[in-house]
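A.B. asks: pasting the sequence and the predicted coordinates here, then a few questions.
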Amino acid sequence: MASFGHRREVGPRVAERLRAAGHRVIELAEANRELLRREAARALRDAAEPPDALVVVGGDGMANLGIDLVAGTGLPLGIVPSGTGNDLADGLGIPTRDTEAAIDLLLEALERGPRTIDAGTIRQGEVTTWFGCVVSAGFDAVVNERANLMTRPRGRSRYVVALLRELATLTPRRYRIHADGRTIEVDAMLVSVANNRSLGGGMRIAPDADLSDGLLDLFIVGRMSRLRFLRMFPKVFRGEHTDLPEVTILTVAAVRIEAEGIVAYADGERIGPPPVEVSVAPGALRILA
């Protein structure tokens with residue numbers, strides 16, 4: 001049981017209800033993500049009996065940690081959302097604002113069995129990482145990078161401040177994108193590769209994305225003025241941007257992104273500067289949802 005996040009009471013509540021339902025639970029709660037990753041990997045490796053599942057409590061970053069541990073192994077992953085961004089849980093139909101309902105769903109899925117969905121991989125240099133939601137390599141990644149460097153304010157407001165600061169100097173970047181054998185050279189504001197329909201706490205960048213179709217959605221927002229971009233941005237949260245002339249969405253199996261002055265993120269976790277290679281692994285993830 002991996003428990004981590006800003007609502008620290010949720011993890012113990014999940015463990016309590018799992019034990020009450022007759023499950024044996026090993027709880028892990030560490031001071032930071034890397035310690036938790038290491039201890040969770042050790043617990044899975046050294047378990048006296050094969051575990052039934054790995055359950056993570058938190059937001060998309062915690063779901064990403066769980067995916068990186070279990071994708072391709074056959075071990076089911078359970079998610080109880082309690083983070084600031086719960087996009088994967090939302091895409092899976094897990095209640096994001098009702099902890100008890102999310103735990104109910106987890107317990108039902110443990111009895112019923114997991115569903116199978118796709119996972120993505122992103123390679124940067126010699127390192128390959130799994131992801132479940134979205135790879136960002138555009139304006140949203142720049143905002144994420146700035147927010148991670150800020151110490152104040154705390155919580156979601158930090159990302160709002162970072163967004164406003166980056167908007168002041170927003171300019172398109174030149175991208176060279178290789179998508180399933182096709183080369184696209186474009187000046188773009190946003191470039192993302194989506195397995196899930198949303199990121200960033202509800203930005204529905206690819207509203208028709210399907211977690212189990214064996215494909216990814218390449219999302220590109222081309223050059224536009226700062227004012228037009230600012231007007232477009234609220235539409236992304238509603239999924240109403242797809243018919244704009246600057247927006248392109250392509251279904252792909254593999255993408256290579258090349259650009260300068262940008263850092264790629266996967267599920268809100270820092271990957272590093274391009275080039276990055278993104279691909280889908282159909283059916284690589286078993287989810288308790």
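C.D. replies: Alright, I've got the coordinates.

A.B. asks: show me where pLDDT drops low in the stretch 101-250 of the chain?
C.D. replies: By pLDDT under 70, the low-scoring segments of the stretch 101-250 of the chain are 154-156, 159.

A.B. asks: quick one: the strands in it?
C.D. replies: Secondary structure of the stretch 101-250 of the chain by DSSP state E, counting those that start in this stretch: the strands cover 115-124, 127-131, 134-136, 173-179, 182-194, 216-222, 247-252.

A.B. asks: got TSV for those strands, with distance to Glu30 and mean neighbour count too?
C.D. replies: No exception for glycine: its C-beta is placed from N, CA and C like everyone else's. Formatted as TSV, the strands of the stretch 101-250 of the chain follow (distance: least, Cβ to Cβ, whole Å; neighbours: other Cβ atoms under 10 Å):
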stretch	distance to Glu30	mean neighbour count
strand 115-124	24	20
strand 127-131	19	18
strand 134-136	26	30
strand 173-179	36	18
strand 182-194	30	20
strand 216-222	31	23
strand 247-252	36	18
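
A.B. asks: got CSV for the ones you listed, with distance to Val160 too?
C.D. replies: Output for those, formatted as CSV (distance: least, Cβ to Cβ, whole Å):
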stretch, distance to Val160
strand 115-124, 26
strand 127-131, 24
strand 134-136, 17
strand 173-179, 22
strand 182-194, 18
strand 216-222, 20
strand 247-252, 23
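
A.B. asks: please name whichever of the ones you listed is nearest to Ala53.
C.D. replies: Comparison of these against Ala53 by Cβ to Cβ identifies strand 115-124 as nearest, at 12.8 Å.

A.B. asks: quick one: work out the angle between the closest one and strand 127-131.
C.D. replies: Orientation note: strand 115-124 sits at an angle of 150 degrees relative to strand 127-131 (axes from the mean of the first three to the mean of the last three Cα atoms, to 10 degrees).

A.B. asks: so what touches strand 115-124?
C.D. replies: Contacts of strand 115-124 with the rest of the structure, by Cβ atoms under 8 Å, 6 or more residues apart in numbering, involve 67, 71-72, 92, 109, 128-132, 135, 193, 195, 211-216, 264, 266, 271-287, 289.

A.B. asks: in its sheet, what does it sit against?
C.D. replies: When pairing is defined by DSSP bridges, strand 115-124 lines up against strand 127-131 (antiparallel), strand 276-287 (antiparallel).

A.B. asks: what separation is there between Leu164 and Thr128?
C.D. replies: For Leu164, the distance to Thr128 (Cβ to Cβ, to the nearest Å) stands at 34 Å.
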